[in-house]
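Chemist: My questions concern the predicted model and sequence given below.
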Amino acid sequence: MDMKTTLTTIIRDGFILVFNEDKLDIVKTAEALMKAGIGNMEVTCRIQKPLEKLTRLRTALPEFCAGAASLIDFEGVLHAYNRAHTADPLPSVRQVVDAGASYLVSAANFSDESFRAFHGRVPMIPGCAGTSEILKQYAMGANLCKIFPAKELGGPAFVKAIDPAIHKMISLVPTGGTTAANIGEYIDAGVLVVGGSFSMIDKPVLKRIIDEQDYALLSDQLRRAKELIDTERAKKWPQLNFADADLETISRVTSRNFNL
């Protein structure tokens, strides 16, 4: 899957699910997403055996956009972690790319080395906490910039405050503390894509999904999130049909540039 197709999928979806639940099957979760009208998911390296699960997902559903997230992109830190966790080491950026990751996400900035290796090959979504980081990572080739932890940084008000400083050009992906209650505020602030984990689902419902392995119920919950995002984006950009718009049209209407 090429970069443009992957980015188009993510932007049309308007949502990136953070897969961080070891008690759920990764392939069945992706299938639940597809039934809910969502074609992508990031596989966080905070789960057990992330590289194995990413590989299994890419093999089972090759047309699904499976990203890799929570990457540690600094060799010394990665080496220190893996030296202490030999039974379940974290994969490197290159390892997840070799395993077929459709896109790359980090809670922190990506290194110069990774931009040199993968810019223009795989969509890159670095974690940023301020305007300087956003602008520097975008200048190096980032396609979107993750705002993390979004809640602690100030939520929708933070995004709205910094957006003019980046000239409303770079598409921000708030992740961390995103809920049904604030998605509308984020989109009103100019956000095209929201990142969120299973914590967006009410705890009793999530417990039932996990205990009963009820992927139909999971799909229903994810569909609600997708419908909310679609509704709020239609309010913000009534002239734009995200379901079939191409990136050029989305960029022109929203003023966001995806660094292709």
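Modeler: Happy to help now that I have it.
Chemist: and the one helix or strand F115 maps to, what does it pack onto?
Modeler: Counting by DSSP states H and E, the element that carries F115 is helix 112-118. Helices and strands touching helix 112-118, as assessed by 3 or more C-beta pairs under 8 Å, 6 or more residues apart in numbering; DSSP states H and E, comprise helix 93-98, strand 124-125. (Glycine included, C-beta is placed from N, CA and C.)
Chemist: Which residues in that helix does the neighbour count mark as buried?
Modeler: Neighbour-count burial for helix 112-118 flags 114-115, 118 (criterion: 16 or more other C-beta atoms under 10 Å).
Chemist: Of the residues you listed, which is the nearest to L71?
Modeler: Nearest to L71 among the buried residues of helix 112-118 is S114, at 8.6 Å by C-beta to C-beta.
Chemist: returning to what we had before: deepest in the core, which of the helices and strands packed on helix 112-118 is it.
Modeler: Among those, ranked by average contacts under mean count of other C-beta atoms under 10 Å, first place goes to strand 124-125 (a mean of 26).
Chemist: That one packs against which elements?
Modeler: strand 104-105, helix 112-118.
Chemist: at 6 Å instead, please
Modeler: Strand 124-125 sits against no helix or strand, with contacts defined as 3 or more C-beta pairs under 6 Å, 6 or more residues apart in numbering; DSSP states H and E.
Chemist: ok, residues contacting stretch 171-191?
Modeler: 144-151, 156, 159-160, 163, 192-196, 200, 228, 232-233, 236, 256 (C-beta atoms under 6 Å, 6 or more residues apart in numbering).
Chemist: Now do the same for F118: its pLDDT.
Modeler: Note for F118: predicted pLDDT of 97.
Chemist: Roughly how far does it sit from D2?
Modeler: Distance from F118 to D2, counting by C-beta to C-beta, to the nearest Å: 13 Å.
Chemist: rewinding a little: and the helices and strands packed on helix 112-118 as a markdown table, adding distance to K28?
Modeler: Formatted as a markdown table, the helices and strands packed on helix 112-118 follow (distance: least, C-beta to C-beta, whole Å):
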| stretch | distance to K28 |
| --- | --- |
| helix 93-98 | 21 |
| strand 124-125 | 25 |
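Chemist: between the ones you listed, which one is nearest to L104?
Modeler: strand 124-125 (5.0 Å).
Chemist: Would you give the sheet partners of that closest one, along with the direction of each?
Modeler: strand 104-105 (parallel) (DSSP bridges).
Chemist: show me the biggest helix of the protein in terms of residues.
Modeler: helix 215-236 (DSSP state H).
Chemist: Next, the buried residues of the next helix or strand after that helix.
Modeler: Note on helix 215-236: by DSSP H and E, the next helix or strand toward the C-terminus is helix 247-254. By neighbour count on 16+ other C-beta under 10 Å, the buried set for helix 247-254 is 247, 250-251, 254.
Chemist: what's the answer for stretch 37-56, then?
Modeler: Neighbour-count burial for stretch 37-56 flags 37-45, 47, 50-51, 53-56 (criterion: 16+ other C-beta under 10 Å).
Chemist: All good on my end, thank you.
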